[in-house]
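Enquirer: Fold the following.
(one chain, ligands or ions: 1)
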Amino acid sequence: MFNNDDLSSLRWDAVSGTVEIIDQTLLPHTLRWVHLDSLEAYCHAIRHMQVRGAPLIGITAAFGLAHALAVNPSDQNLIAASEALLSTRPTAVNLRWALEQIRAEVSSLLPWARAEAALNKAVELRAEDIANCSRIGEHGLSLLRELETDGKPLNVMTHCNAGWLATIQWGTALSPVYKAFAAGIPVHVWVSETRPRNQGMNLSAWELHRSGVPCTVVADNSCGQLMRQGLVDCVIVGSDRTAANGDVCNKIGTYLKALAARDNGIPFYVALPESTIDWDCASGAKIPIEERDALEVLSIAGVDASGQGLEVNLAAEGTSAVNPAFDVTPAELVSGLVTEYGFFAASPEGLSEMRALLPGA
Ligand SMILES: CSC[C@H]1O[C@H](OP(=O)(O)O)[C@H](O)[C@@H]1O
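Expert: Reported below is the predicted structural model:
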């Protein structure tokens, strides 16, 4: 029914209309595809981070809205299902963007025509994401070629997971790495573990290793020292929402890497599709920062020596914790934005230059 070799985080079967996602909460120890068969399943998958990453969150929600309209295509359900999906996570702007794309596609249609139109649009958004992330990779490859020095391995540092697990295929921050690897450029990735949910260790290291790309997991706190030792040629991260002034909201800890990169004269690039730019958001100060459960900080999940899954408490009973899931890196710390339209300054001028290239601009 599915192409099981499909290295994508969400797959859709044209015959049955079935959508399956990789349950990323089980990686790296278990690769399990989960069939999303209700609006509640789609909302659960996003809220509990079975799927995560701005582009993937958006596309999953698009398929979720299409599913809801297949059940009930009324105006009331279109609104209710959109709101239910939008409420799952507040920061990644792709969630709102994708739902708006579907609603624009179906709102003017008679209810009986909405489900098919919504599904077709979701499939289109999925295909566009693959193409856009590939183009991000090509533009990012040009940057990496400029950093390459007489065949010495390029050391790229990344934070969290902005690989194909955060999109459909290719990824954003890791797409240039995959393109460089495919082009025969010696590349190595410092994978910052990314506490507290360890998307770096659990997801980026897994997908890079699966693709044969050399990588080394490091504690988040080691990254400044690696930069000071001259072991990092550039930092490339993703984005969950980039404001119109170039401020970048990304996984918690990104800001600290940007500060260390600036202090060590290391390029700090942000890779993102246009769908992650919030043109209506004036600055990073306006971006809602998701506060997640403190338990994510106070406990950790893994497997024991026998491979049996377990979760352990790390702190003393009664310890309190706060768990902001994102931070904002000011535009002035960003060396540039790598997009499907090319490379632009992280500034109002740079974004205006990009906006002029958009279809219908
Ligand atoms: C290509 S967007 C990836 C972006 O999303 C991640 O956040 P989360 O794992 O909470 O969805 C992280 O900020 C990545 O940079």
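
Enquirer: Can you get me a residue count around the residue of the stretch 51-200 of the chain found nearest the ligand?
Expert: Closest residue of the stretch 51-200 of the chain to the ligand, Cβ to the nearest ligand atom: residue 52 (3.3 Å). The way it works is simple: take the backbone N, C-alpha and C, and place the C-beta from them, glycine included. Using other Cβ atoms under 10 Å, the number of residues around residue 52 comes to 26.

Enquirer: Look at it and report its pLDDT.
Expert: Note on residue 52: pLDDT of 98.

Enquirer: Quick one: mean pLDDT for stretch 71-83?
Expert: Per-residue scores along stretch 71-83 average to 98.

Enquirer: in that stretch, what's buried?
Expert: Residues 73, 77-78, 81-82 are the ones in stretch 71-83 that count as buried (16 or more other Cβ atoms under 10 Å).

Enquirer: Tell me the residues of the chain that contact the ligand?
Expert: 52-55, 160, 162, 166-167, 172, 199, 237-238, 240, 250-251, 325 (Cβ under 6 Å from any ligand atom).

Enquirer: what about 5 Å?
Expert: 52-54, 160, 162, 166, 172, 199, 238, 240, 250-251 (Cβ under 5 Å from any ligand atom).

Enquirer: so where do the helices sit in the stretch 151-300 of the chain?
Expert: 175-182, 199, 205-211, 223-228, 254-263, 295-298 (DSSP state H, counting those that start in this stretch).

Enquirer: excluding its backbone neighbours, what's nearest residue 121?
Expert: residue 105 (4.4 Å; Cβ to Cβ, 6 or more residues apart in numbering).

Enquirer: Quick check: mean pLDDT of the helix or strand containing that neighbour?
Expert: According to DSSP states H and E, residue 105 maps onto helix 93-106. For helix 93-106, the mean per-residue pLDDT is 98.

Enquirer: Beyond that helix, next helix or strand please.
Expert: Next along from helix 93-106, by DSSP H and E: helix 111-147.

Enquirer: and the angle for that following helix with helix 93-106?
Expert: Angle of helix 111-147 versus helix 93-106, following axes from the mean of the first three to the mean of the last three Cα atoms, to 10 degrees, is 140 degrees.

Enquirer: tilt between helix 111-147 and helix 175-182?
Expert: 60 degrees.

Enquirer: Tell me how far helix 111-147 lies from the chain's centre.
Expert: Computed by Cα atoms, centre = their mean, to the nearest Å, the chain-centroid distance of helix 111-147 equals 13 Å.

Enquirer: In space, what's closest to the residue nearest to the spatial centre of the chain - neighbours in sequence excluded?
Expert: By Cα atoms, centre = their mean, the chain has its centre lying nearest to residue 53, at 2.8 Å. Residue nearest to residue 53 in three dimensions, not counting chain neighbours: residue 166, with 2.4 Å by Cβ to Cβ, 6+ apart.

Enquirer: number of nearby residues for that neighbour?
Expert: Neighbour tally, residue 166, other Cβ under 10 Å: 30.

Enquirer: quick one, what contacts the closest residue to residue 247 other than its chain neighbours?
Expert: Leaving out its chain neighbours, the residue that sits closest to residue 247 by Cβ to Cβ, 6+ apart is residue 284, at 3.0 Å. If a contact means Cβ atoms under 8 Å, 6 or more residues apart in numbering, then residue 284 has 243, 245, 247-249, 328-331 as its contacts.

Enquirer: How confident is the prediction for residue 284, by pLDDT?
Expert: 98.

Enquirer: Please apply the same query to residue 149.
Expert: 82.

Enquirer: how is the protein carved up into domains?
Expert: 5-129, 143-355 (automatic domain parsing).

Enquirer: Can you add distance to residue 137 and give the ones you listed back as CSV?
Expert: Output for those, formatted as CSV (distance: least, Cβ to Cβ, whole Å):
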stretch, distance to residue 137
domain 5-129, 13
domain 143-355, 3
